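A.B. asks: okay, predicted coordinates and the sequence, questions at the end:
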Amino acid sequence: MKETRVVPVEKLGGEYRAEDFPFETTEEIESLPSVIFGQDRAIRAIDFGLKVKQPGYNLFVVGPSGSGKSTYAFSKVKEVAKGQAVPKDWCYVYNFEQPDHPLALSFEAGKASLFKQDMEQLVKEVERSIQSAFSSEDFETKRKEVHKSFDDRVEKIWKQLEQYVRDHNFSIERTAQGIVTVPLRFGRPLSNDEFKTMPEAMKEELTRKGKEIEVEVTEAARRMQLIERQMEEAYTELKTEMALGASEEPFQAVRDKYTEQSRIIQYLQHMQEDMAENFQLFQGEKQEKDLLFSFLENDKEKYNRYKVNILVDQSKAEGAPVVFETNPSYHNLFGKVEYKGTFGSMTTDFTMIKPGALHLANGGYLLLQAAELFTNPFSWIMLKRTLKTAEIRIENVLEERALVSTAGLKPEEIPLDIKVILIGNPSLYHLLAQWDEDFQKIFKVKVEFDSEMERTTEHIREFAAYVKRYAEKSGLLPFHREALAKIVNYSSRLAEDQRKLSTGYHAMSKVLVESSFWAEQEGTPVVLLEHVKKA
């Protein structure tokens, strides 16, 4: 009975014969058009996941290490993305109403850089227009009219004060310290020696009159200071009106380019008003500043608020973007606001906002290695929140732990339209499915790569084409069919089933490389059976 059940040794391996290949070497066949084969279920799943548009249909690609899942997912996504529309450009600009909340503006692909050029040119033209307006005869005439109207009022108060003082036998004069009153005697100023020799009654009378005059002088000085402030306000208002008028033509030329974009028109309106109110930036006069202020303000930075910070530029894009982020840290994913040190504190502005992978992949596809994602604090939690809210927020989650104070920004959120593809092993997938209640709501498509495939004639021919493709890509020698048959049998041995082939492409690639190496060492033009055996 035992002898009848003995399995012959030659049947244990399911040896594939070299004669079954209809070619001599892999040079005679075409290379595999795809980077993977024998994974029909995974291919159908990834096709479905990439085509469905409803929210929550992100993909989790599952499979053993070395099965080619990352390579295939990346190539397949790039293939799909190539035929899709190029998404919008995004940029941040200064918020004139809420400076701590920069505005996010979107443009058709490639138009953000043109908008930035328009703004740079606009600032130059406004500067020239304002300087020209302030040096014009019209401005000088209006300035003199403003000064004259207020000077006349001041002069009238001064004359009234002089008359009042003379009536009380006093004189007044203006000094650097203010207005000084002096009693008169016989039409000339009374000296201290003369005052000391006067009778007490006369001294008391002069002192009483002096106090009365001081009250009038103080009131007159207050009224003149008020008029001077009003004059400065009127002068400032005049300059603001002149700057606003001078900037109208350059701004109208830019507005005509963006008539259909209401947010940009509104931004330009606020920008023009701000330029008019800050005319001193453009009038070309050197303003007196204290040492600290002059040290802090850089002439190159005085126009920072009028700059455009391009976050995403799609001018050179073809199709939807595909980003494979190998280091999915919080800032690499969601972007960040950079800081610079200023006297022990950290300051920033909207020009220092930097994009993350989500910004760059917005409108397209983002691929992440799941194991790498979970090694970075906050990344998974914030990624779930971002996918659920469908908007990208740039936040400094570590700000509370900062050792120095920071001047923070809260940039406006950017709408998110993206397909995320996570790549990981089965154990990680099942762990998330069991313990994270949000996981399967967000990643509804499971793309499962098998560790083995059926050992059919079709799959063996595809295996040969894969060897041809890998050899060409890696610069290896072509393989003789005897060597190839040995590799096929080795693949079944890895699968531990003579009816299967292993999908462990990484293990197979090591054999291919080493076999080619030994063939090169011996100087043979092709890889032979003996080289595969040695490998």
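C.D. replies: Received, thanks.

A.B. asks: quick one: low-confidence ranges for the stretch 251-400 of the chain?
C.D. replies: Residues of the stretch 251-400 of the chain that meet the criterion pLDDT under 70 lie in 284-301, 342-344, 398-400.

A.B. asks: mind listing what Gln84 touches?
C.D. replies: Under the criterion of C-beta atoms under 8 Å, 6 or more residues apart in numbering, the neighbours of Gln84 are Gly319, Ala320, Gly364. Every C-beta, even on glycine, is put in place using the N, C-alpha and C of the backbone.

A.B. asks: and it, how far is that from Lys53?
C.D. replies: Distance from Gln84 to Lys53, counting by C-beta to C-beta, to the nearest Å: 11 Å.

A.B. asks: about what we covered before: let's have the contacts of Gln84 in JSON lines, adding secondary structure and neighbour count.
C.D. replies: Formatted as JSON lines, the contacts of Gln84 follow (DSSP: H, G, I helix; E, B strand; the rest coil; neighbours: other C-beta atoms under 10 Å):
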{"residue": "Gly319", "secondary structure": "coil", "neighbour count": "16"}
{"residue": "Ala320", "secondary structure": "coil", "neighbour count": "24"}
{"residue": "Gly364", "secondary structure": "coil", "neighbour count": "24"}
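
A.B. asks: for these, which one is nearest Glu458?
C.D. replies: The shortest approach to Glu458 among these belongs to Gly319, at 31.9 Å (C-beta to C-beta).

A.B. asks: burial measure for Ser262, as a count.
C.D. replies: For Ser262, the neighbour count with other C-beta atoms under 10 Å is 9.

A.B. asks: ditto for Ser129
C.D. replies: Ser129: 20 surrounding residues under other C-beta under 10 Å.

A.B. asks: need the helices for the stretch 351-500 of the chain, in chain order.
C.D. replies: Taking DSSP state H, counting those that start in this stretch, the helices of the stretch 351-500 of the chain run over residues 357-361, 370-373, 379-389, 426-435, 439-442, 457-474, 481-495.

A.B. asks: quick check: mean pLDDT of the fourth one?
C.D. replies: Taken as a whole, helix 426-435 has a mean pLDDT of 92.

A.B. asks: go on, the last one?
C.D. replies: For helix 481-495, the mean per-residue pLDDT is 90.

A.B. asks: what is it packed up against?
C.D. replies: In terms of contacts (3 or more C-beta pairs under 8 Å, 6 or more residues apart in numbering; DSSP states H and E), helix 481-495 is packed against helix 457-474, strand 500-502, helix 505-522, helix 529-534.

A.B. asks: now render the ones you listed as CSV, adding mean pLDDT.
C.D. replies: Compiled in CSV, the helices and strands packed on helix 481-495 are given as follows (pLDDT from 0 to 100):
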stretch, mean pLDDT
helix 457-474, 90
strand 500-502, 88
helix 505-522, 92
helix 529-534, 94
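
A.B. asks: closest to Ala18 out of these?
C.D. replies: Closest to Ala18 of these is helix 529-534 (C-beta to C-beta; 8.0 Å).

A.B. asks: just how off-centre is the closest one within its chain?
C.D. replies: From the chain centre to the centre of helix 529-534 is a distance of 54 Å (C-alpha atoms, centre = their mean, to the nearest Å).

A.B. asks: lovely, talk soon.
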